[in-house]
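>>> Kindly return the folded structure for what I paste below:
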Amino acid sequence: MKRIATPSLTSRLLVAARSGVSPATAAIRTRSAISVRLQSTAALAQHDASHDLNNDRFPPLEPLPHAAESLPSPLPERALTSAKLAALHARLNLSPKIPLQTLARTLVDASADENPQFNNANLAFVGQTLINYHIAEWLLCKYPRLPQGILFSAMKAYAGPKPLLQIARSWGVDTAAVPGGEVDPGLLQFDALKPGISITNFGYKRTELAYLEKFKWRRGMASRVVLDDDFGDVVRSDPKVAADLEKAMEEQDQDKTPDEEEAEMVANEQDQDVSYDRYGNPDTRAAAERAHAYFVRAVVGAIYAHCGREAAKAFVKAHIMSRTLDIAKLFEFKYPTRELAALCAREDFEPPVARLLSETGRQSRTPVFVVGIYSGSDKLGEGAASSLDHARFKAAMNALKAWYLYSPGENPRVPSDMLEEGAKPWTPAYIDMGEVISR
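Residues are numbered from 1 along each chain as shown. As a prediction, the model looks like this:
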């Protein structure tokens, strides 16, 4: 015989007596209340478990100092707790002599923090000087016959803003949406809408810069060497000076007729075809490019400051000079046959003569002619094209490239090698007379 639970039965009868319902109805209500209570308890337990799991996956942010949000850049002591900064330090294989605070400073652009004690302007100036010096001496010793214009282009292809932007991105550097004191110190911080303070460049600021850009005046190679920067580009003026020049030019243009002003406006709109897309506009892209370039230069400057000259040179050689560049594609000849004839006359060679070496399909739609350029019995160059004149021009261009791209070796000695301990006696590098026809 089944045993009856007396307390449970008694409680049901008491509930039924007080409420005026039957004992069966009271039992059903009691079971419903118990099930609801069990469901609510399970939901609370599940919520507590999910809350603990979220805390494990997304831990709460570290408490920031009281005045951190009002600062233009993160505090230096926060660099010690940044995982991004530690990962970047390890990824670049930097020396332990370089503290994380210095690496964090290289990520703060002058447009984000104008204080030179916290931004990377000073380090970027040192790094730019070292990078341009090592690349210039390496190019001059490896290709002693390069024309000056090609040398400028090659230096810009190695150490210009665009290649340094690619290098910074290859390092895995992320950018902050907006700079501020609450930003992770491992993010590159710059203001895309504010130009900031540009580092000092070698060269002179041309007073006629506004007119150079407006009227497209020609700049000779001599003036580019003396007046312009390391890449042969004009040194930009400060924003205030540029605004004053622009205002003066506007006052000068007030005498124009309405028709002339309208025609000039249409021409400027066609020249300045600004395309806005999801990556911003040309101004914001230029600001990002400049900030990434300053960061790479600042890293080199930090290495030089903490580890010395040899470590900075090795870093430049490993990350910048190791990139592949086809210098032959930088050449552009206007009159190759005339320049080759002048070169042969200067070097006391016999005058160049073009000879047809082979041909095929002269009467077809796709003929091919192979022409060689000879100086006496020596073949200077060879070119193939669909016409005789084009093949002759290509042969002359290949002969000029073979002359200008002469190299004494793959790894020539450079003057900075003499600063090493126990260096061998210096052998003077070969210096060419220069290009034949100035561009």
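
>>> Verify the contact between residue 169 and residue 293 for me.
No - counting by CB atoms under 8 Å, residue 169 stays clear of residue 293, with 11.4 Å between them. (C-beta placed from N, C-alpha, C; glycine too.)

>>> Compare the two and say which one has the larger neighbour count.
residue 293 (22 against 12; other CB atoms under 10 Å).

>>> Count the residues that sit near the closest residue in space to residue 429 that isn't next to it in sequence.
Distances taken as CB to CB, 6 or more residues apart in numbering place residue 141 nearest to residue 429, at 5.0 Å, with adjacent residues excluded. Neighbour count of residue 141, defined by other CB under 10 Å: 20.

>>> Give me the residues contacting stretch 380-393.
With contact meaning CB atoms under 8 Å, 6 or more residues apart in numbering, stretch 380-393 is reached by 336-337, 340, 352, 354, 356-357, 366-374, 394-402.

>>> if you set the cut-off to 10 Å instead, what comes out?
By CB atoms under 10 Å, 6 or more residues apart in numbering, the surrounding residues in contact with stretch 380-393 are 333, 335-337, 340, 343-344, 349, 352-359, 361-362, 365-375, 394-403.

>>> so what's residue 420 up against?
309, 310, 313.

>>> among these, which are in strands?
Using DSSP state E, no member of the contacts of residue 420 falls within strands.

>>> From the residues you listed, which land in helices?
Among those, DSSP state H puts 309, 310, 313 in helices.

>>> and the gap between the first one and residue 134?
I take that to be residue 309. Per CB to CB, to the nearest Å, residue 309 is found 10 Å from residue 134.

>>> what about those two, which has more around it?
A count of neighbours by other CB under 10 Å puts residue 134 above the other of residue 309 and residue 134, at 21 against 13.

>>> helices or strands up against the helix or strand encompassing that one?
In this assignment (DSSP states H and E), residue 134 forms part of helix 121-142. In terms of contacts (3 or more CB pairs under 10 Å, 6 or more residues apart in numbering; DSSP states H and E), helix 121-142 is packed against helix 100-106, helix 148-159, helix 161-170, helix 282-307, helix 309-319.

>>> Go again with 8 Å.
Packing partners of helix 121-142 (3 or more CB pairs under 8 Å, 6 or more residues apart in numbering; DSSP states H and E): helix 100-106, helix 148-159, helix 282-307, helix 309-319.

>>> Need the per-residue pLDDT for the residue nearest in space to the middle of the chain.
By CA atoms, centre = their mean, the chain has its centre lying nearest to residue 165, at 0.8 Å. The per-residue pLDDT reported for residue 165 equals 95.

>>> And the helices in the stretch 1-150 of the chain?
Applying DSSP state H, counting those that start in this stretch to the stretch 1-150 of the chain gives helices spanning 6-19, 23-57, 83-91, 100-106, 121-142, 148-159.

>>> Strands of the stretch 301-439 of the chain, start to end?
Listed in chain order, the strands of the stretch 301-439 of the chain (DSSP state E, counting those that start in this stretch) span 353-360, 368-375, 378-385.

>>> To residue 73, which of these lies closest?
Residue 73 sits nearest to strand 378-385 of all those, at 56.4 Å, using CB to CB.

>>> Return the most buried member of the strands of the stretch 301-439 of the chain.
Highest mean neighbour count of the strands of the stretch 301-439 of the chain: strand 368-375, a mean of 20 (counted as mean count of other CB atoms under 10 Å).

>>> Partner strands of that one and their direction?
Using DSSP bridges, strand 368-375 pairs in its sheet with strand 353-360 (antiparallel), strand 378-385 (antiparallel).

>>> Kindly reformat these as JSON lines containing mean pLDDT and distance to residue 425.
Supplementary listing: the strands paired with strand 368-375 in JSON lines, determined by pLDDT from 0 to 100; distance: least, CB to CB, whole Å:
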{"stretch": "strand 353-360", "mean pLDDT": "96", "distance to residue 425": "44"}
{"stretch": "strand 378-385", "mean pLDDT": "95", "distance to residue 425": "35"}
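
>>> Output these in a markdown table, with distance to residue 413 appended to each entry.
What follows is those, written out as a markdown table (distance: least, CB to CB, whole Å):
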| stretch | distance to residue 413 |
| --- | --- |
| strand 353-360 | 38 |
| strand 378-385 | 29 |
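
>>> of those strands, which approaches residue 207 most closely?
Among the strands paired with strand 368-375, strand 378-385 comes nearest to residue 207, with 44.2 Å by CB to CB.

>>> returning to that earlier point: residues that sit against both of residue 309 and residue 134, list them.
By CB under 8 Å, 6+ apart, the residues touching both residue 309 and residue 134 are residue 416.

>>> Listing request: residues of the stretch 51-200 of the chain with sub-threshold pLDDT.
51-69, 195-200 (pLDDT under 70).

>>> Report whether the expected contact of the residue nearest to residue 429 with residue 413 is present.
Yes - using CB under 8 Å, residue 141 is in contact with residue 413, at 7.0 Å.

>>> Next, show the common contact partners of these two.
With CB under 8 Å, 6+ apart, residue 141 and residue 413 have common neighbours residue 429.

>>> which residues sit in contact with the nearest residue to residue 353 once chain neighbours are set aside?
Among residues not flanking residue 353 along the chain, residue 374 sits closest, at 5.2 Å (CB to CB, 6+ apart). Applying CB under 8 Å, 6+ apart, we find residue 374 in contact with 352, 353, 354, 355, 380.

>>> what do you get if the cut-off is 10 Å, keeping everything else the same?
Contacts of residue 374 (CB under 10 Å, 6+ apart): 350, 351, 352, 353, 354, 355, 380, 381, 382, 395, 399.

>>> what's the answer for residue 341, then?
With CB under 10 Å, 6+ apart, residue 341 has these contacts: 335, 349, 351, 352, 396, 436.

>>> ok, of these, which one's closest to residue 220?
Nearest to residue 220 among the contacts of residue 341: residue 436, at 16.3 Å, using CB to CB.

>>> That closest one and residue 399 touch, don't they?
No - Residue 436 lies out of contact with residue 399 (CB atoms under 10 Å); the separation is 11.8 Å.

>>> out of these two, which sits in the busier spot?
residue 399 (26 against 19).

>>> before we move on, back to that, buried members of the contacts of residue 341 into PyMOL, please.
This is the PyMOL syntax for the buried subset of those, where burial follows 16 or more other CB atoms under 10 Å:
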select buried, resi 352+396+436
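
>>> mind listing what the closest residue to residue 361 other than its chain neighbours touches?
Of all residues not flanking residue 361 in the chain, residue 367 sits nearest, at 4.4 Å (CB to CB, 6+ apart). Residue 367 makes contact with 359, 360, 361, 385, 386, 387, 388, according to CB under 10 Å, 6+ apart.

>>> Could you point out which of those is nearest to residue 75?
residue 385 (64.7 Å).
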